[in-house]
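Student: Build me a structure from this.
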Amino acid sequence: MSASKITILYVDDEENNLFSFKATFRLKYRVLTALSGDEALKLLKANTVNIIITDQRMPEMTGVEFLEKVLKDFPDPIRILLTGYADMGAVVDAVNKGKIFHYISKPWNEDELDSTINRAYAEFLEKAQLKEMNEKLEGSNDQLEFLLRQKLLS
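Tutor: Next comes the predicted model:
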């Protein structure tokens, strides 16, 4: 398996949906699947994930609740919410609390989902590049401060 493949974590309590997603996208992406938010959190601890796609309606933890937990320890993956219900309250919560990138209604359209995954990955790369640049800038600022202090002391 190519290391350059986008890694997607797909979370849904309906096993058929997990099989369908994996069958559709396994050749193009590295696909991890979980039947619950708790199972997904364990996978996030053990894997580097670029994109998280989660169903909203799950028994122990809704998609929004799961994404809120994800944000605390894993802020980098781009988050996408799927739901089969026209539940605008959940969508608003997902945007505000789960900081989702995109909302897709179920049943999903393969081309739309694939396009969304690619746009989400571009966002992931952009955020990673910005984070790296900020870290370099912090290092440069520390070096500059050190040099200025040395000048002042001499």
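Student: Let's verify Met61: helix, strand, or coil?
Tutor: Following DSSP: H, G, I helix; E, B strand; the rest coil, the label given to Met61 is coil.
Student: Now find how far off-centre the helix or strand containing Leu41 is within its chain.
Tutor: For Leu41, the element it lies in under DSSP states H and E is helix 37-46. On the basis of Cα atoms, centre = their mean, to the nearest Å, helix 37-46 sits 12 Å off its chain's mean C-alpha point.
Student: same deal with stretch 133-151?
Tutor: Taking mean C-alpha positions (Cα atoms, centre = their mean), stretch 133-151 and its chain are 32 Å apart.
Student: in that stretch, what's buried?
Tutor: Using 16 or more other Cβ atoms under 10 Å as the burial criterion, none of the residues of stretch 133-151 qualify. In short, each C-beta sits where N, CA and C put it, glycine included.
Student: re the thing from before, I'd like the next helix or strand past the helix holding Leu41.
Tutor: strand 51-55.
Student: which strands and helices sit next to the helix holding Leu41?
Tutor: Under the contact criterion of 3 or more Cβ pairs under 8 Å, 6 or more residues apart in numbering; DSSP states H and E, helix 37-46 touches strand 7-11, strand 30-34, strand 51-55, helix 63-73.
Student: try 7 Å this time
Tutor: strand 7-11, strand 30-34, helix 63-73 (3 or more Cβ pairs under 7 Å, 6 or more residues apart in numbering; DSSP states H and E).
Student: chain center to the one helix or strand Arg119 maps to: distance?
Tutor: Secondary structure assigned from DSSP H and E places Arg119 in helix 110-153. Put simply, helix 110-153 sits 17 Å off its chain's centre (Cα atoms, centre = their mean).
Student: in this structure, which helix or strand is least confident?
Tutor: Least confident element among the helices and strands of the chain, by mean pLDDT, DSSP states H and E: helix 88-96 (a mean of 67).
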